[in-house]
Each structure stands twice: as C-alpha cells, then as structure tokens.
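Student: Give me a model of this one.
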Amino acid sequence: MGPVSERLSSGSARLDTVLGGGLPLYGTNLIIGPPGSGKTILAQQYVFHNATIPRPALYLSTVSEPLEKILRYGQSLEFFDKSAVGSRVVYDDLGEALNDAGLTGVLTQLTALLREHRPGLLVIDSFKALRAYAADAGEIRRFLHNLAGQLSAMAVSAFWIGEYDAAEAADAPECAVADAIISLRAQRSAEQEVRVLQVMKLRGSGFVSGQHAYRISPQGLTVYPRMADTASVDAYDLVFDRTTSGVPLLDEMLSDGFWEGASTLVAGPSGAGKTLLALHFAFAGIGPGQKCVFATFQENPVQLERILHGYSWSLTDERIELMYRPPVDLLLDEWVYDLLELVDRIGAKRVVIDSLGDLRAVCQDELRFREYMYSLLQRCALRNVSVMMTQEVAELFGITCLSEYGISHLSDNVVLLQFLRGDSEVKRAITVLKTRGSAHDPQIRQFEITADGFSLGKPFQPEQSLL
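Tutor: Here you go, the predicted model:
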C-alpha cells in the first residue's frame, strides 16, 4: 500500500486542485447527488484515466442503473475507450446476487471478483441501493466493515455512488466509513440552473472549501474552482510606467494616463459613450505588438464591426481578440476562467469588459460576484494587465450611485460619464472621480462624440447648472 501522500488524479487539473492535489490513493470515496448530477460520469472519468491492464478498474452496477445503460451512455463520452473494455476496464453486475442472496451474496461475488481481477479501482453504482436489502442497521454495518477490510488489504481505490442528500451524508454509516465525500448537485438561480461540486469530507488532506461550479459535456465534468484570492503583496512586480487611455485630453485629466496594470471603471447612463471610451482604450491606446482582449455580451461581432467601421477600426486588427459571450446561459465561473486563459495564451496587456451589468445579471449571488471580480482584478494586476470595465447606471441625470455591488471600491480609477441639461440641449460631461496613487483633474469637462471619437471641451463654469 502506498503512502497517504500519493494521489489519484481525476484527469482534470482544476478538479485535482479542489481536492488538494487529487484524492488520496487507496481511499474509499463516496460520490453523492440527485439523479442527473453527473455521478456516474465522474466515476467513469476516474476509471478511464487511471485503469491499467496490471491493475484494472472494476465497475459494478447493482439494481439502480442497468449495466447496459451505463455502457450505452458511457460511449458518448470522449474519454470512453472501447478497446479498454474487458482488459483494463471490466464491467459486471451485482444485481442478480443481490436479489438472490442479499448483502451476503453481494459480498461473496465481490470477493470472487476482487480475487479474479486484482483491480486498482472499484466502482459500485449504486451503493445506496444496497441498503434496502439489509435486514437492519447491524447488517449494513457488518457488510461495510467486511468490504472496507477487503479493499484495504488489496490496496484498492473505491468509489461508491449514491443518491444521498446532505442529511443522509451526515447520518449514513457508509458516509462515516468513506475517506472522501464529493457532493454534486444543481441549484437554481433565478431562471438559471447552476451545477455545483462541494467536498464535504476529505480525510487526511486539505481541499478548497466552498461550492465549485461545473459543466457536464462529452469531455466529462469540467470544474471551475471557486475563485476567492487573497491579496498577495509579495507577488507584485511594481511597475511605474503610465499608459494612455486612448483619449489624449482624458490622459491630461488623469495626469498623463493610467498606471500600467491598473483597473478602471467607466460608469454612466445608456448612450453616454461608455463603449466608445472602451474602444478608444482598446484600439487607440494599445501599443505596437501588444494584445487586447475585448470581452462583450450585448454587441455581437457584426454589431461591433459596424460601430468600428465609423472610426476606421476593425476586428481584423491582429492586436484585438474579441471574446463575445451572449448573456443567455452564461456561467460566471466559466467566463472568468476562459478570460484568464485567453489573456495568458495571447499575452494580452489590456482587457475590456463591456459591461459589468450583463455579467452581474447572470450571477444572483452578490458575494460570489464580488469574490470573482476581486480575484480577476488581482490576477490581472499580478500579470501587469490593464483592465477597463463599463457599468451602466440607471439615473439619466444627477447620478447618485455608481455601482450597487462595490466594484467602484475595487477599481484603481473611476471615470463618470453623465448627461447634463443645457439651455436647449442635453450635454455630455466626463469626470475623473478617483485615481489610486495618483493626482487627477477633478473638474467636470464637456465632451462630444464626433467622427474622430471623443472630443473634450472646456470645463463647466461654476455658474452653470449641472443638474
């Protein structure tokens, strides 16, 4: 038997991260959750990633899920290897022994199968179904004791699958025997259903606590570990360079532009020019050879190209990488991981998020949203990536609130765009409300949107009405 420090990988680096590097080798692992939550898929993911011919995986069905059904749906998964079935992955059924002789018959058949195949992995699906065949609590406990003893003696990593809920996980004797308990379930958030994985128990090992979103696809379970970074001052490589906003006169208000690697929130009502300012940041502000990720939710590529055409910009610009995700069925966790992976892959130095309102709408949990945005901005800062975010405010005139979920506090810079009433027309105005660690011009300046983009005007005079 290997030492406790040895790990069993799931084949997914992110899931292994949640599990503190993987499940401890030769442990008994309980995968629980309601029907359709992905329990069988996760078990087969472990099976095909770890099974070998000398130490095959033994997958046993009971009376809950017919063996033929497990095999039929398993073949739709990309990791399912038909050539491995019968050699390094062996499927069998305990249902007949269970119906004929109860738990005694199951233990007898299990003992024979373990001796015949000498497996490295054992899956029993469904394990919970065995409980209905126990005469009393004493019989199920004796069965568990005998089974656990055999698995330990033969150095087998076991997966017991069952439709247990949280209350049963606290009381069921098999949960006490298990070294690890992984819960899979779906939780509803408004009209969206989000699947979450949670480690309820992992004996002798650390793990990432909390709920971790996941998706089920032909690749298996794709897990997005909860992102809740802590501040890491030592990891910063301090940079004192300034970078342009793409609007020269705004750079003057910012005392020669933004700090490189800073985050900027641009807030204002609909039509005030937030997206246009973000486009200046992306197209006019980026340097030669640099890359910018422009993440948008409402403007599809055709709509965005139409806007860009008026300013002689184009999505064909090799410096710009468009990340368009419709807000329907958008998963915040997945989006953040995809964005960071794209930033790293192309070596981006700038990121635009247009807009935060769309991103917030898909995440009903305000605390989770703040955790993810804080972590995203922290990771971009560590990479020295400058971020500009747009945020629509509800008030057309007399803006009193920038962000109801505190993103303005997380941002290094805050720029406000607003409409002001003139004598016979509505005027646009821009104000720099905040620049962290830098001086700025606090005056309210008029601006116009022309064929050349942003054109800043003179400051408003004290006697002019601004409401």
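
Student: Quick check: mean pLDDT of whichever helix in the chain runs longest?
Tutor: The longest helix of the chain (DSSP state H) is helix 95-117. Mean pLDDT, helix 95-117: 93.

Student: Quick one: classify the most centrally placed residue in the chain as helix, strand or coil.
Tutor: Nearest to the mean C-alpha position of the chain, by CA atoms, centre = their mean, lies Asp333 at 2.5 Å. Asp333 carries the three-state label helix when classified by DSSP: H, G, I helix; E, B strand; the rest coil.

Student: ok, which stretches of the protein are helices?
Tutor: Per DSSP H, the chain carries helices over the ranges 13-18, 39-50, 67-74, 95-117, 137-153, 166-171, 173-177, 248-253, 274-279, 301-309, 332-346, 356-361, 366-382, 407-410.

Student: Make JSON lines out of these and add distance to Val199.
Tutor: Heads up, the C-betas are built off the backbone N, CA and C, glycines and all. Conversion of the helices of the chain to JSON lines gives the following (distance: least, CB to CB, whole Å):
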{"stretch": "helix 13-18", "distance to Val199": "6"}
{"stretch": "helix 39-50", "distance to Val199": "13"}
{"stretch": "helix 67-74", "distance to Val199": "25"}
{"stretch": "helix 95-117", "distance to Val199": "27"}
{"stretch": "helix 137-153", "distance to Val199": "21"}
{"stretch": "helix 166-171", "distance to Val199": "12"}
{"stretch": "helix 173-177", "distance to Val199": "13"}
{"stretch": "helix 248-253", "distance to Val199": "47"}
{"stretch": "helix 274-279", "distance to Val199": "39"}
{"stretch": "helix 301-309", "distance to Val199": "40"}
{"stretch": "helix 332-346", "distance to Val199": "16"}
{"stretch": "helix 356-361", "distance to Val199": "27"}
{"stretch": "helix 366-382", "distance to Val199": "17"}
{"stretch": "helix 407-410", "distance to Val199": "28"}
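
Student: Thr264: which of those is closest?
Tutor: Taking CB to CB, helix 274-279 is the member of these nearest to Thr264, at 9.4 Å.

Student: Now that closest one - C-alpha only, CSV.
Tutor: C-alpha atoms of helix 274-279 as CSV (Å, rounded to 0.1, in the frame of the first residue of the first chain):
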residue,chain,number,x,y,z
LYS,A,274,-19.0,54.1,-22.2
THR,A,275,-18.5,51.6,-25.0
LEU,A,276,-16.8,54.2,-27.2
LEU,A,277,-14.4,55.1,-24.5
ALA,A,278,-13.6,51.4,-24.0
LEU,A,279,-13.0,51.1,-27.8
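
Student: just checking, what packs against that helix?
Tutor: Where contact means 3 or more CB pairs under 8 Å, 6 or more residues apart in numbering; DSSP states H and E, helix 274-279 is packed against strand 263-268, helix 301-309, strand 350-354, strand 386-392, strand 413-421, strand 453-459.

Student: on contacts alone, who are the packing partners of the first one?
Tutor: In this case it means strand 263-268. In terms of contacts (3+ CB pairs under 8 Å, 6+ apart), strand 263-268 is packed against helix 274-279, helix 366-382, strand 386-392, helix 407-410, strand 413-421.

Student: circling back: which ones are touching the residue nearest to the centre of the chain?
Tutor: Residues near Asp333 by CB atoms under 8 Å, 6 or more residues apart in numbering: His212, Ala213, Tyr224, Arg226, Met227, Tyr372.

Student: What subset of those residues is buried?
Tutor: Neighbour-count burial (16 or more other CB atoms under 10 Å) is assigned, among these, to His212, Ala213, Tyr224, Arg226, Met227, Tyr372.

Student: okay, now the residue lying closest to the fourth one once chain neighbours are set aside: neighbour count?
Tutor: In other words, Arg226. Nearest residue to Arg226, sequence neighbours excluded (CB to CB, 6 or more residues apart in numbering): Gly210, at 4.3 Å. For Gly210, the tally of surrounding residues (other CB atoms under 10 Å) stands at 16.

Student: so what's Gly210 up against?
Tutor: Taking CB under 8 Å, 6+ apart, we find Gly210 in contact with Gln198, Arg226, Ala228.

Student: ok, the first one touching Val208?
Tutor: Going back to what we said before, that points to Gln198. No: Gln198 is beyond contact range of Val208, at 9.9 Å (criterion: CB atoms under 8 Å).

Student: more crowded one of the two?
Tutor: Using other CB under 10 Å, the more surrounded residue of Gln198 and Val208 is Gln198, with 20 against 16.

Student: And the more buried one, how far from Ile31?
Tutor: Remark: distance between Gln198 and Ile31 (CB to CB, to the nearest Å) = 12 Å.

Student: what do those two both touch?
Tutor: Common neighbours of Gln198 and Ile31 (criterion: CB under 8 Å, 6+ apart): Ile182.

Student: what pairs with Arg445 across the strands?
Tutor: Listed by DSSP bridges, the beta-bridge partners for Arg445 are Ile430, Pro459.

Student: and what of Asp354?
Tutor: Thr296.

Student: residues contacting it?
Tutor: Lys274, Thr275, Ala278, Phe294, Ala295, Thr296, Phe297, Gln298, Glu299, Met389, Thr390.

Student: Wait, the last one touches Ile353, no?
Tutor: Yes: counting by CB under 8 Å, a contact exists between Thr390 and Ile353, whose distance comes to 7.1 Å.

Student: Quick check: neighbours shared by those two?
Tutor: Joint contacts of Thr390 and Ile353 (CB under 8 Å, 6+ apart) do not exist.

Student: ok, Val90 - contacts?
Tutor: Counted by CB under 8 Å, 6+ apart, Val90 has contacts Pro56, Ala57, Leu58, Tyr59, His117, Pro119.

Student: and of these, the nearest to Gly102?
Tutor: Set against Gly102, the nearest of the contacts of Val90 by CB to CB is Leu58 (20.7 Å).

Student: one step back: helices or strands up against the longest helix of the chain?
Tutor: Under the contact criterion of 3+ CB pairs under 8 Å, 6+ apart, helix 95-117 touches strand 57-61, helix 137-153.

Student: any idea how far Arg325 is from Leu342?
Tutor: The gap separating Arg325 from Leu342 is 11 Å, by CB to CB.

Student: Report how many residues lie close to the residue lying closest to Gly310 once chain neighbours are set aside.
Tutor: Closest residue to Gly310 apart from its sequence neighbours, by CB to CB, 6+ apart: Ala451 at 6.8 Å. Using other CB under 10 Å, Ala451 has 8 other residues around it.

Student: what about the stretch 201-350 of the chain, any weak spots by pLDDT?
Tutor: Scanning the stretch 201-350 of the chain for pLDDT under 70 picks out 230-240.

Student: Sorry, slip of the keys, the one I care about is the stretch 1-150 of the chain.
Tutor: Flagging of the stretch 1-150 of the chain using pLDDT under 70 yields the residue ranges 1-5.

Student: how does it look with 50?
Tutor: Counting by pLDDT under 50, the ranges of the stretch 1-150 of the chain that qualify are 1-4.

Student: Including distance to Ala135, could the helices and strands packed on strand 263-268 go into JSON lines?
Tutor: Shown next, in JSON lines, are the helices and strands packed on strand 263-268 (distance: least, CB to CB, whole Å):
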{"stretch": "helix 274-279", "distance to Ala135": "69"}
{"stretch": "helix 366-382", "distance to Ala135": "46"}
{"stretch": "strand 386-392", "distance to Ala135": "63"}
{"stretch": "helix 407-410", "distance to Ala135": "60"}
{"stretch": "strand 413-421", "distance to Ala135": "69"}
